[in-house]
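Trainee: pasting the sequence and the predicted model now:
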Amino acid sequence: MPRNLIKNRGYADKYYEDERPKRLLGIHFSSESKTVDDWKLGKYAP
């Protein structure tokens, strides 16, 4: 699911007011090997 779709659906909305540091983690799973194929880490910015 693309990041903007996840953001638009508001899955993280309840965490906006939480002052703890947040990170974005994108994980791509391989349907062939059934393992993590790639991942990206980013800083959260609402």
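Mentor: All right, it came through fine.
Trainee: break down the protein into its strands, ranges please.
Mentor: 23-29, 36-43 (DSSP state E).
Trainee: Gly26: neighbouring residues, count only.
Mentor: Residues lying near Gly26 (other Cβ atoms under 10 Å) number 13. Quick note: C-beta positions are derived from backbone N, CA and C, even for glycine.
Trainee: reformat the strands of the chain as TSV; add distance to Asp13 and mean pLDDT.
Mentor: Shown next, in TSV, are those (distance: least, Cβ to Cβ, whole Å; pLDDT from 0 to 100):
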stretch	distance to Asp13	mean pLDDT
strand 23-29	15	85
strand 36-43	18	86
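Trainee: can you put those strands in TSV and add distance to Ala12?
Mentor: As requested, these are exported to TSV (distance: least, Cβ to Cβ, whole Å):
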stretch	distance to Ala12
strand 23-29	9
strand 36-43	13
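Trainee: just give me the neighbour total for Ile27.
Mentor: Ile27, neighbours per other Cβ under 10 Å, totals 10.
Trainee: so what's the residue nearest to it when sequence neighbours are not counted up against?
Mentor: Closest residue to Ile27 in three dimensions, ignoring its sequence neighbours and counting by Cβ to Cβ, 6 or more residues apart in numbering: Trp39, at 4.9 Å. Residues in contact with Trp39 (Cβ atoms under 8 Å, 6 or more residues apart in numbering) are Leu25, Gly26, Ile27, His28.
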